[in-house]
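1. Just need the structure, nothing else, for what follows:
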Amino acid sequence: MEVAKTAFTIDDDFCNWIASGLNYHLLSSMESSEITESNDDDDFCNSILSQFGNSSDEDDQLICTIIVAMSKSLKEKKVPSSPVAYLYATCSSLDNLEPPDFLINALFTILSLVIVRVPFSVLKKKKEYLSKLVLRILQYRLATKTSIILGLKWFSYSLTYTDEFSSDALLELLTSFALSISSNEMPLSGDGMTFTVRLLDAGINKVYSLNKQICVSELPTFFNALKDVLTSQHEEAICAATTALKNIINSCIDETLIKQGVDIITLEENKKSRTSGPTIIEKICATIESLLDHIYVDVWDRVFEVVSSMFHKLGSYSPYLMRGILKNLEYMQKLPDEDFPFRKQLHVCLESALVAMGPENLPSFVHNLYVEAEYLSEANIR
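-> Numbers count the residues shown, from 1 in each chain. Predicted coordinates:
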């Protein structure tokens, strides 16, 4: 199939520039199975031109210019014009040419579109090269919101279908995104924020499975970032952040981490002043407690889900680490109904506290609140 004609001019110098960056050693390393598993009729190039060719937008025209330049270079070198070839060509352009920021957007767009056409077996074989490249680009070269989202899509796809990453590099990347959310350095749309939160959710669990120790040290940073998302007013992002917080609590907080905090609290209780800083688990619990501030009142129903997950995780240790939260729940129970629309969710949260700590460990005021909640529930049923 011939490459579709376009309304723009392909400059020979630009084609040569693209060609100079193609890693033909990488392209020539394609195995016959990779070639036969992919189409060799330039369908991918034509699909790009069909999608962007009629647009007057300069960014769309640049995407078309690059894909046609790649197609021309591949044909001149007699490299099969398969999705695998375009994947390698795009990656080698990113890797070797050190393109300016305006080209990164276009190359990442091509990358995000071609990856879904490449067999998983190819991604698995090249996972080390591809993952290191994209991680490096995301960490050091991205300058625009569009590139970040496209890079995240690639990374998320890779995270799903490959299983070997550098835990240090992955953690550094995730931490940089978390800090960007907290500092608002990377303002995102609702969809962009949702996607970033879901990547953090999957990525944090991946790092924890690879290197528990380095992951745990950054948990407070991730909790703070996800906390900030809850004030975003983007419903889907808020739901994703709630899910991520619960997943991290369930997957990345273990008894060792909990006991570190409890031991310090127990030792310090007999002293007039504390000599050590807060432990990781104390920082996390403080972040969760801050979610009960009035600034989060519109999402308290979501917050109660997170608090319940923390009660379940801490179990009998909850009285040591959730004292402030328990006091906040007491305050909320006393609010008039017109000022507190989430009473049902609060009662579910109190039930979680009862189950987690057991009646014998439950502070008396919380036990009274739970009894009151049960009475009100029965009254409403009648």
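2. Please point out which parts of the strand or helix carrying Val84 sit buried.
-> Using DSSP states H and E, Val84 maps to helix 83-96. For helix 83-96, the buried set under the neighbour-count rule, 16 or more other C-beta atoms under 10 Å, comprises 83-95. From N, CA and C alone the C-beta is placed, and that goes for glycine too.
3. what packs against that helix?
-> For helix 83-96, the packing partners by 3 or more C-beta pairs under 8 Å, 6 or more residues apart in numbering; DSSP states H and E come out as helix 12-21, helix 24-28, helix 43-52, helix 58-76, helix 101-114, helix 127-140.
4. Tell me what angle that helix forms with helix 101-114.
-> On the basis of axes from the mean of the first three to the mean of the last three C-alpha atoms, to 10 degrees, helix 83-96 is oriented at 160 degrees to helix 101-114.
5. for the stretch 151-300 of the chain, which spans come out with low pLDDT?
-> 151-166, 185-188, 270-274 (pLDDT under 70).
6. how about a cut-off of 50?
-> In the predicted model, the stretch 151-300 of the chain carries no residue with pLDDT under 50.
7. Run a quick neighbour tally on Asp57.
-> 9 (other C-beta atoms under 10 Å).
8. For it, give me the pLDDT.
-> As summarised for this prediction, Asp57 has a pLDDT of 89.
9. Return the distance of it relative to Ala106.
-> Relative to Ala106, Asp57 is positioned 11 Å away (C-beta to C-beta, to the nearest Å).
10. And for Leu130?
-> Distance, Leu130 to Ala106, by C-beta to C-beta: 18 Å.
11. now the angle between helix 58-76 and the helix holding Val84, please.
-> Here helix 83-96 points in a direction 110 degrees away from that of helix 58-76 (the same axes, to 10 degrees).
12. if we can go back for a sec, possible to save the buried residues of helix 83-96 as JSON lines with pLDDT?
-> What follows is the buried residues of helix 83-96, written out as JSON lines (pLDDT from 0 to 100):
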{"residue": "Pro83", "pLDDT": "88"}
{"residue": "Val84", "pLDDT": "87"}
{"residue": "Ala85", "pLDDT": "86"}
{"residue": "Tyr86", "pLDDT": "89"}
{"residue": "Leu87", "pLDDT": "87"}
{"residue": "Tyr88", "pLDDT": "83"}
{"residue": "Ala89", "pLDDT": "85"}
{"residue": "Thr90", "pLDDT": "87"}
{"residue": "Cys91", "pLDDT": "83"}
{"residue": "Ser92", "pLDDT": "80"}
{"residue": "Ser93", "pLDDT": "82"}
{"residue": "Leu94", "pLDDT": "81"}
{"residue": "Asp95", "pLDDT": "77"}
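13. Tell me where the stretch 251-382 of the chain has helices.
-> Ranges of helices in the stretch 251-382 of the chain, per DSSP state H, counting those that start in this stretch, are 255-268, 280-290, 300-314, 318-321, 323-333, 343-357, 364-381.
14. Mind checking the ones you listed for the one nearest to Ser71?
-> Closest approach to Ser71 among the helices of the stretch 251-382 of the chain (C-beta to C-beta): helix 300-314, 48.3 Å.
15. And the contacts of that closest one?
-> Residues lying outside helix 300-314 but in contact with it, judged by C-beta atoms under 8 Å, 6 or more residues apart in numbering, are 230, 238-239, 242, 245-246, 249-250, 253, 258, 285, 288, 291-292, 296, 318, 321-322, 325, 329, 332, 342, 345-346, 348-349, 352-353, 355-357.
16. Now do it and helix 323-333, the angle between them.
-> Helix 300-314 runs at 140 degrees relative to helix 323-333, counting by the same axes, to 10 degrees.
17. Can you mark which positions in helix 300-314 are buried?
-> 300, 302-314.
18. Just send those residues back as TSV, with distance to Leu179 too.
-> What follows is the buried residues of helix 300-314, written out as TSV (distance: C-beta to C-beta, whole Å):
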residue	distance to Leu179
Trp300	26
Arg302	23
Val303	22
Phe304	27
Glu305	25
Val306	21
Val307	25
Ser308	28
Ser309	24
Met310	23
Phe311	29
His312	29
Lys313	25
Leu314	27
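19. From those residues, pick the one nearest Leu62.
-> Leu62 lies nearest to Arg302 out of the buried residues of helix 300-314, by C-beta to C-beta, at 40.9 Å.
20. so how far is Ser308 from that closest one?
-> Per C-beta to C-beta, Arg302 is found 11 Å from Ser308.
21. ok, now Ser318?
-> Between Ser318 and Ser308 the distance, using C-beta to C-beta, works out to 11 Å.
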